[in-house]
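Undergrad: sequence below, structure please.
(chains A, B, C and D)
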2 protein chains.
Amino acid sequence: MTSDKTIGRLSLYRRMLNGLMAEGVANTFSHQLANLAGVTPAQVRRDLMAIGYSGTTKRGYEVPELVDSIGQFLDVPQGQGVALVGVGNLGRAILSYFAGRRPNLSITAAFDNDPYKINRVLHGCHCYGLEDIPRVVKELDIRVAVITVPAAGARQVADMLVAAGVRGILNFAPIRLRVPPHTYVEDIDMTMSLEKVAFFARKGSASLHKDFQA
Amino acid sequence: MTSDKTIGRLSLYRRMLNGLMAEGVANTFSHQLANLAGVTPAQVRRDLMAIGYSGTTKRGYEVPELVDSIGQFLDVPQGQGVALVGVGNLGRAILSYFAGRRPNLSITAAFDNDPYKINRVLHGCHCYGLEDIPRVVKELDIRVAVITVPAAGARQVADMLVAAGVRGILNFAPIRLRVPPHTYVEDIDMTMSLEKVAFFARKGSASLHKDFQA
DNA sequence: TAGATTGTTAATCGATTAACAATC
DNA sequence: TAGATTGTTAATCGATTAACAATC
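TA: Okay, here's the model as predicted:
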């Protein structure tokens, strides 16, 4: 019963811990990790408790062990393939963004309906036609997809992906996808986000970011 | 005391209403709008109540009037300028994404430290050097910025923007910015989002998207 | 009127925070 | 031990939902 938000924070914690490891830090305390991730120490402890990792009162949390524990909890056992549909400006930017970033979670197939893009390799990723979605998704056993097509085509693409076996979608199209139960959709709505920022920039709301501890 | 989430939903409602207007629909009911936006009818009514727009029991909400009301609530009186810092793959994709989309909220200045990009025009937007941030932000009276630089440079960029007068930041860098109070930061963390999707795709969580009403 | 809808309050739900005993 | 930290429960907080009177 791990919540959506908990999973997001675990992803953050791991990133911070990787940063600490790179600096050669061997152990950390909940308040240090909390400060890096921007949450409360109690939150950190609750989240780590949820994945069954225990610290000690002396040293807190062992950084390499904790990274490992989070990985065991979050990651697919063997590297998960990801599909990206819609190789426009945004799609290409995302291909490049994820290229070689997380070997465990890399985009392994791209799809577009532009004949000039089909059968080319972009950022190390082969581009197929949309009609190849059923075949390629099944062949590569892809369960996760990113949708970066315009709103008008997003629903049809989502239907094809789900029919081919995709169970999680990161959706950049500004439209609500209709998916069957047990299919997870995460929306990134850049227009909505920018409008929110503009609103609060004008209204002077309190910061979303809590103040840091000195 | 309008919450973060309410503002986001208002942005969604407006988009749905614009779609309805394009179809020539003159009035709508809370349950119809709720179905389009993926929230409950009660939620829609509460949100619209918050901006002071009233429907009638006979016709529900007048679409054009409501679009206007939301605009008056959300939008800056005269078009707000937006700065974008970091004209890499992602930055260029976002420039293109917002180019001409919302005339009321368009990116009016881009910044990068690459000499090959400086003084060029990309997607209709002039690119300046990072050192021009203080001057240009003040000259154009920019209050909103998008950060698409790598994590290593994001904090420094945010500090420059805030010092120059920016009060809202849409941050794509995977790092927590440290901003003074009354500065609003909205993070879009694509790596975290994709990890969440991969997790729930594997674990088979219930869909984030509630089932639609038939 | 009857029926559907709105505006608004009360109840519910879930997540976060605060508090504190247990531990080293 | 004393002091700082962890694990865990209880209290709090805020947002969402349910319920219902008022309205046309």
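
Undergrad: determine the longest strand present in chain A.
TA: Determined from DSSP state E, the single longest strand within chain A is strand A:105-112.

Undergrad: what does chain A put close to DNA strand C?
TA: A:3-6, A:39-40, A:42-43, A:46, A:56-58, A:210 (Cβ under 7 Å from any atom of the strand). Glycine gets a C-beta too; all of them are placed from N, C-alpha and C.

Undergrad: what's the farthest-apart pair in those?
TA: A:4 and A:58 (33.2 Å; Cβ to Cβ).

Undergrad: residue A:130 contacts residue A:115, doesn't it?
TA: No: here residue A:130 does not reach residue A:115: they are 11.3 Å apart, not a contact under Cβ atoms under 8 Å.

Undergrad: which one's more surrounded, these two?
TA: A count of neighbours by other Cβ atoms under 10 Å in any protein chain shown puts residue A:130 above the other of residue A:130 and residue A:115, at 18 against 8.

Undergrad: quick check: the gap between that one and residue B:172.
TA: Relative to residue B:172, residue A:130 is positioned 27 Å away (Cβ to Cβ, to the nearest Å).

Undergrad: which of residue A:4 and residue A:58 has more neighbours?
TA: Neighbour totals were compared for residue A:4 and residue A:58, and residue A:4 leads with 14 against 6 (other Cβ under 10 Å).

Undergrad: may I have the phi/psi pair for the more buried one?
TA: Dihedral pair for residue A:4: phi -40, psi -50, per degrees, to the nearest 10.

Undergrad: ok, and the closest non-adjacent residue to residue A:120?
TA: residue A:127 (5.4 Å; Cβ to Cβ, 6 or more residues apart in numbering or on different chains).

Undergrad: show the residue spans covered by the strands in chain A.
TA: So, for chain A - with DSSP E - the strands run A:27-28, A:61-62, A:80-85, A:105-112, A:121-122, A:125-129, A:144-147, A:168-171, A:184-187.

Undergrad: which elements pack onto the last one?
TA: Translated: strand A:184-187. Strand A:184-187 sits against strand A:168-171, helix B:190-203, with contacts defined as 3 or more Cβ pairs under 8 Å, 6 or more residues apart in numbering or on different chains; DSSP states H and E.

Undergrad: residue A:177 is nearest to which of those?
TA: strand A:168-171 (5.7 Å).

Undergrad: who does residue A:107 bridge with?
TA: residue A:82 (DSSP bridges).

Undergrad: so who does it touch?
TA: By Cβ atoms under 8 Å, 6 or more residues apart in numbering or on different chains, residue A:107 lies in contact with A:82, A:83, A:84, A:94, A:95, A:98, A:99, A:125, A:146.

Undergrad: how far away is the fifth one from residue B:168?
TA: What that stands for is residue A:95. Distance from residue A:95 to residue B:168, by Cβ to Cβ: 29 Å.

Undergrad: more neighbours: which of these two?
TA: Remark: of residue A:95 and residue B:168, residue B:168 carries more neighbours, 28 against 22, as counted by other Cβ under 10 Å.

Undergrad: tell me which residue of chain A is furthest from the middle?
TA: The outermost residue of chain A relative to its centre, with distances by Cα atoms, centre = their mean, is residue A:58 at 33.5 Å.

Undergrad: and it, how far from residue B:39?
TA: Computed with Cβ to Cβ, the distance linking residue A:58 and residue B:39 is 48 Å.

Undergrad: check contacts around the residue nearest in space to the middle of chain A.
TA: Centre of chain A computed as the mean C-alpha position; nearest residue by Cα atoms, centre = their mean is residue A:170, 7.7 Å away. If you count contacts by Cβ under 8 Å, 6+ apart, residue A:170 has them with A:144, A:145, A:146, A:147, A:186, A:188, B:190, B:193, B:194, B:197.

Undergrad: who wins on neighbours among the residues you listed?
TA: residue A:145 (30 neighbours).

Undergrad: low-confidence ranges in chain A?
TA: A:1, A:79, A:204-214 (pLDDT under 70).

Undergrad: please redo it, this time with the cut-off set to 80
TA: A:1-2, A:76-80, A:100-104, A:203-214 (pLDDT under 80).

Undergrad: so where do the helices sit in chain A?
TA: In chain A, helices defined by DSSP state H lie at A:4-22, A:30-37, A:41-50, A:63-74, A:89-98, A:133-139, A:151-164, A:190-203, listed in chain order.

Undergrad: buried set for stretch A:164-177?
TA: Within stretch A:164-177, the residues that qualify as buried are A:164, A:166-177, counting by 16 or more other Cβ atoms under 10 Å in any protein chain shown.

Undergrad: what about that stretch, near DNA strand D?
TA: No: if you take Cβ under 7 Å from any atom of the strand as the test, stretch A:164-177 misses DNA strand D, and the best it gets is 14.7 Å.

Undergrad: quick one: contacts of stretch A:134-141?
TA: So stretch A:134-141 is contacted by A:81, A:83, A:108-109, A:111, A:128, A:142, A:145, A:160-161, A:163-166 (Cβ under 8 Å, 6+ apart).

Undergrad: tell me which of these is nearest to chain B?
TA: residue A:166 (7.4 Å; Cβ to the nearest Cβ).

Undergrad: residue contacts, the closest one?
TA: Residue A:166 neighbours (Cβ under 8 Å, 6+ apart): A:83, A:137, A:142, A:143, A:144, A:145, A:183, B:201.

Undergrad: quick check on it: phi, psi?
TA: phi -70, psi 140.

Undergrad: show me what residue of chain A gets nearest to DNA strand C.
TA: Closest contact between chain A and DNA strand C, by Cβ to the nearest atom of the strand, is at residue A:57 (3.3 Å).
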